[in-house]
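**Student:** my questions are about this predicted structure, shown below with the sequence.
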Amino acid sequence: MTRRPEKSSQIRFAWALVAVIVIYGLFAVILSVHVIDQQSSARTDLYAALETLDQLHQEAMASASSADVRSAITRAWQDHRAFAAGSSQQARLIADQLITRLNQEYPHPACGQKRPAFVAPEELPKQRACMVVVGIKNNQVRVTGYDTQGMAMDNFYEFLYAPTGRSD
């Protein structure tokens, strides 16, 4: 029959277990803060792109010549947070200008990446973490931001709850 461990052994084991749990908790907190910090810069990049599309949207609404054009512009913004261009050539031109402009305004990519943060869909690498894709679909200029895990972020949420600032 086995003997029960001594009281001092039980106390040492309890302290060791508490120490392991505390160290694990500290590492979890440090990692969470690091990920949140990295995520903040990725969110800021997406918000900058969405803010620029919103400015284009407002300018287009002000200069729209017909109710049909206004309706198309409004629908694109409401449905996808996208900018409705008049043609695919105009959409491509706007997308290219948007990529160039945002990469100049934000020369330091999110998450310490070495490549530009704003890219066209055909330039998107397999590891797309912390990148913003500026693409075209149905004559609409659309942006898609990717978080630190490479998952697409929600344009509606990110535009509604703007990040506080770029952290890098």
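**Tutor:** On my side now, so go ahead. Residues are numbered from 1 along each chain as shown.
**Student:** from now on I want contacts and neighbour counts done on CA atoms only, so please keep to that.
**Tutor:** Fine.
**Student:** toward the C-terminus, what is the element adjacent to the strand or helix carrying residue 49?
**Tutor:** Assigned by DSSP states H and E, residue 49 falls within helix 7-63. The helix or strand immediately downstream of helix 7-63 is helix 67-80, counting by DSSP H and E.
**Student:** who are the packing partners of the worst-scoring helix or strand of the chain on mean pLDDT?
**Tutor:** The weakest-scoring helix or strand in the chain, judged by mean pLDDT, DSSP states H and E, is helix 155-160 (a mean of 82). Here helix 155-160 touches helix 7-63, going by 3 or more CA pairs under 8 Å, 6 or more residues apart in numbering; DSSP states H and E.
**Student:** the helix it packs on to helix 67-80, inter-axis angle?
**Tutor:** 180 degrees (axes from the mean of the first three to the mean of the last three CA atoms, to 10 degrees).
**Student:** list the helices and strands helix 7-63 packs on?
**Tutor:** helix 67-80, strand 83-84, helix 88-105, strand 140-145, helix 155-160.
**Student:** okay, buried residues for the longest one please.
**Tutor:** It stands for helix 88-105. By 16 or more other CA atoms under 10 Å, the buried positions in helix 88-105 come out as 88, 91-92, 94-96, 98-99, 102-103.
**Student:** hmm, who's touching that helix?
**Tutor:** Here helix 88-105 makes contact (CA atoms under 8 Å, 6 or more residues apart in numbering) with 48-49, 84-85, 116-120, 134-136, 138-141.
**Student:** paired strands for whichever helix or strand comes after that helix, with orientation please.
**Tutor:** Heading C-terminal from helix 88-105, the first helix or strand you meet, by DSSP H and E, is strand 118-119. Next to strand 118-119 in the sheet, as set by DSSP bridges, lie strand 132-137 (parallel).
**Student:** could you list the buried residues of the partner strand?
**Tutor:** 132-136.
**Student:** helix 88-105 and that one, what's the angle between them?
**Tutor:** For strand 132-137 against helix 88-105, the angle by the same axes, to 10 degrees is 170 degrees.
**Student:** just how off-centre is strand 132-137 within its chain?
**Tutor:** 13 Å (CA atoms, centre = their mean, to the nearest Å).
**Student:** what angle separates it from strand 140-145?
**Tutor:** 150 degrees.
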